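K.L.:
For reference, the sequence and a predicted model appear below.
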Amino acid sequence: MVSRICMAVSLAIWVAAVFATLQIGTSWGDSHDHSVISICGPWGCGPPMHALIGWHAFCLTLFVMPVGLLIQRLSIRVLRILGLALTLSGLVALSGIGIYEATTWLPKVAVAEQSHFIQRWMFALVTLTDIPVIPVTMSGVTMVLSAILRGGKELRGEQLVTSG
């Protein structure tokens with residue numbers, strides 16, 4: 001009974017947090033206001049900063065509850081495999097973004113601006129809102145680390161506390 005109440009309270013807090021992060025993008029001003037801060041440099045200009053912060057906070061908050069439940073419920077082996085798959089997917093996407101930027105952006109800019117390639121790559125990663133590369137990668141790393149820590153505790157003979 002207590003675990004169901006804790007789960008309901010956790011779910012309510014998570015839903016409230018997800019909703020609150022969505023408000024970040026709308027509460028910090030009009031996107032057409034010229035005083036709104038955005039990322040600009042030789043690598044290009046991006047959307048308003050509050051919109052990016054709101055989007056990334058939303059994605060990270062959205063992933064917290066499912067990842068936490070998976071860490072609690074999955075076996076160490078499955079958790080490690082899923083974590084490695086998510087981490088690898090994120091790294092492949094990160095590499096793909098870098099390759100895309102190298103083949104499309106580098107040929108268009110002057111030689112002096114080509115030294116800003118890393119900034120352009122990170123800019124493209126941060127402003128890419130279609131694919132949540134950062135939360136997927138972070139979720140995978142978190143799962144792998146959790147599997148390693150749980151595996152170490154089992155090897156030392158420590159008891160794991162599981163809800164259920």
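P.N.:
Sure, I can see it.
K.L.:
mind listing what the residue most central in space within the chain touches?
P.N.:
For the chain, the residue nearest the mean C-alpha position is P135 (1.7 Å; Cα atoms, centre = their mean). Listed by Cβ atoms under 8 Å, 6 or more residues apart in numbering, the contact partners of P135 are 56, 59-60, 62-63. In this view, the C-beta of every residue, glycine as well, is placed from N, C-alpha and C.
K.L.:
Mind listing residues that contact the lowest-mean-pLDDT helix or strand in the chain?
P.N.:
Lowest on mean pLDDT, DSSP states H and E among the helices and strands of the chain sits strand 38-41, with a mean of 76. Strand 38-41 has contacts (Cβ under 8 Å, 6+ apart) with 45-49, 52, 116, 119, 123, 126-127.
K.L.:
quick check, distance from that strand to the centre of its chain.
P.N.:
21 Å (Cα atoms, centre = their mean, to the nearest Å).
K.L.:
any idea of the mean pLDDT in the first helix or strand past it going along the chain?
P.N.:
Using DSSP states H and E, the helix or strand that directly follows strand 38-41 along the chain is strand 44-48. Mean pLDDT, strand 44-48: 79.
K.L.:
repeat for stretch 22-34
P.N.:
Average pLDDT, stretch 22-34: 65.
K.L.:
what's the answer for stretch 105-123, then?
P.N.:
In this model, stretch 105-123 carries a mean pLDDT of 89.
K.L.:
now what about that stretch, what contacts it?
P.N.:
Contact with stretch 105-123 is made by 39, 41-44, 46, 97-98, 101-102, 124, as judged by Cβ under 8 Å, 6+ apart.
K.L.:
buried set for that stretch?
P.N.:
Residues of stretch 105-123 classed as buried: 105, 109, 113, 116-117, 120-123 (neighbour count, 16 or more other Cβ atoms under 10 Å).
K.L.:
follow-up on the earlier one: among the contacts of strand 38-41, the buried ones, what's the PyMOL command?
P.N.:
In PyMOL syntax, the buried subset of these is picked out as below (16+ other Cβ under 10 Å):
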select buried, resi 46+47+48+52+116+123+126+127
